[in-house]
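Asks: Quick one: sequence plus predicted model below, questions after.
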Amino acid sequence: MKKPRILMMFLIIAIVLTSIPTMAEGSLVKVIVNGKPLLPDVLPFNDSGMILVPIRFVAEELGYLVEYVEETSTIKISKEDKNVELTVSSKIALVDGRDIPLDGRSFINNDRTFVPLSFIAKAFDEEVVWDAKNQIAIIGKFKGQERSKNSFLFTNEEYGYTLNFPNSWKEEAIIETRDGNLYVYDRKSAEKFIAEGFNSFGPVFEVIRSGYPVITTVPYDTNYVIDFEIGSYYLEAIFDLDFQYYPGTRDSYKKIWDEGQEVLASYKRLEDTKLIDKESYDTEIGVLNDILDNYVPMDIFSPDEIYTLRKPNPESTLLYLKKSKDDNTVIIKLEVLFNNKHKLTQYHLKNYSYELEENNLSQEEALELANNFIKIYVDKNIELLKTPDLFPSLYEEEKHEAYGDSQWKHVVVVDLEYGFVEYYGLLGDKRY
């Protein structure tokens, strides 16, 4: 068996620390760029309150091409239509043709050009945060391609965030939370360890919260700070350094590892979604699932495909589903809006190119369908009638029909060709 994980961590830390060059100018600084800690060969440092960082390492991590022209001691940095030019020892840089002042002179130390941290924000339009307590410079935020297809929503209520897990993880992974920390194991590897009599083994990855990011001590390309609040906490994802799997479980372990990288990009704070509590969320999800069962063919959407939950304004919750041809092309989507009392206020299905089965309805059938919907999901005392066309720019004549109550506060639109329902609530109050 491999050495215990904790011993491996101490060994790696010792190797890293003994290889760090010392600098007389001031205390050493750690840098996190887009969630990933950097360990350049010459470390950033704090010189009497001015934070100085090696420009090449930071710029390249942000995706820029960096070129040093030795004859003129000039650094040229470019990406797409952004161009930065900096002359060593100058307090002025050229950014897209404009002179940008530096808070201090750039200079070379150990063959690396250093600039003030504030210059990163000015030159690259990046958000820069300084954690003085921990001496950490944070540039940008964790980014990634969000996983949206074939996934289910995981909610960590204690730490207040959601992630989208692949549906396959229901069978392939063991997902645990302990004291708010999330641990994801490869099921095949875990079962093999247990069968062999080992009850202590590491997860594929974990999402932990602490006052100081562990991964700035031993940075790896697969570990990230995914969220933070200065003075309060860091939320970081740590992928197992010891690769705890058996030869026969390597593929399943690696699958969870690779998919875990994608999962992190779906991270959302619950406070950003304004999700009030689990009971309210379960109520709203229950309504949506019931609508899916009764009004939407099951081969279009599945309850497990709910991949985003957010508040478009302070008084409503939006549940959103979509089908995509690829990562960029949505072919059909469904939006369900609830007010702050968890009552349905809008139900909207938009089809772009999904092939639907025809289900032609007569006016009488459409009116009955509209009334059934309003009585089940809104108010059993509402009676809908045929109304004038409220949406001439959105719906085609004779293909869609609108039905509303006597005050037009509640309107249901029925697609006469395919039999789908859309609902707009509280129109009379101009809130929709």
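Replies: Perfect, thanks for sending it.

Asks: residue ranges with poor pLDDT in the protein?
Replies: Filtered on pLDDT under 70, the chain yields the residue ranges 1-26, 144-149, 218-219, 241-242, 271-281, 303-316, 326-328, 387-398, 426-432.

Asks: okay, now the domains of it?
Replies: Here the domain assignment for the chain is 25-139, 151-272, 276-429, based on automatic domain parsing.

Asks: mind listing what's buried in stretch 190-202?
Replies: Neighbour counts over stretch 190-202 (16 or more other CB atoms under 10 Å) mark Ala190, Lys192, Phe193, Phe201, Gly202 as buried. (Each C-beta comes from the backbone N, C-alpha and C, glycine too.)

Asks: Where does the second one sit, in terms of helix or strand?
Replies: Element membership of Lys192 [criterion: DSSP states H and E] is helix 187-195.

Asks: buried stuff in the helix or strand just after that helix?
Replies: Downstream of helix 187-195, the next assigned helix or strand under DSSP H and E is strand 205-210. Neighbour-count burial for strand 205-210 flags Phe205, Glu206, Val207, Ile208, Arg209 (criterion: 16+ other CB under 10 Å).

Asks: and the residues you listed as CSV, adding distance to Pro40?
Replies: Output for these, formatted as CSV (distance: CB to CB, whole Å):
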residue, distance to Pro40
Phe205, 25
Glu206, 27
Val207, 26
Ile208, 25
Arg209, 27
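
Asks: now, which of those sits nearest Lys255?
Replies: Checking the buried residues of strand 205-210 against Lys255 by CB to CB gives Phe205 as the nearest, at 12.5 Å.

Asks: Against Phe243, how distant is that closest one?
Replies: Distance, Phe205 to Phe243, by CB to CB, to the nearest Å: 11 Å.

Asks: And for Val411?
Replies: Relative to Phe243, Val411 is positioned 58 Å away (CB to CB).

Asks: Pick out whichever of the two has more residues nearby.
Replies: Val411 (23 against 14; other CB atoms under 10 Å).

Asks: Name the residues linked to that one by a beta bridge.
Replies: Gly404, Tyr424 (DSSP bridges).

Asks: Name the residue most distant from the centre of the chain?
Replies: Glu364 (45.1 Å; CA atoms, centre = their mean).

Asks: Next up, the contacts around Asp99.
Replies: The contact partners of Asp99, by CB atoms under 8 Å, 6 or more residues apart in numbering, come to Ile92, Ala93.

Asks: Which strand or helix spans it?
Replies: Going by DSSP H and E, Asp99 is in strand 98-101.
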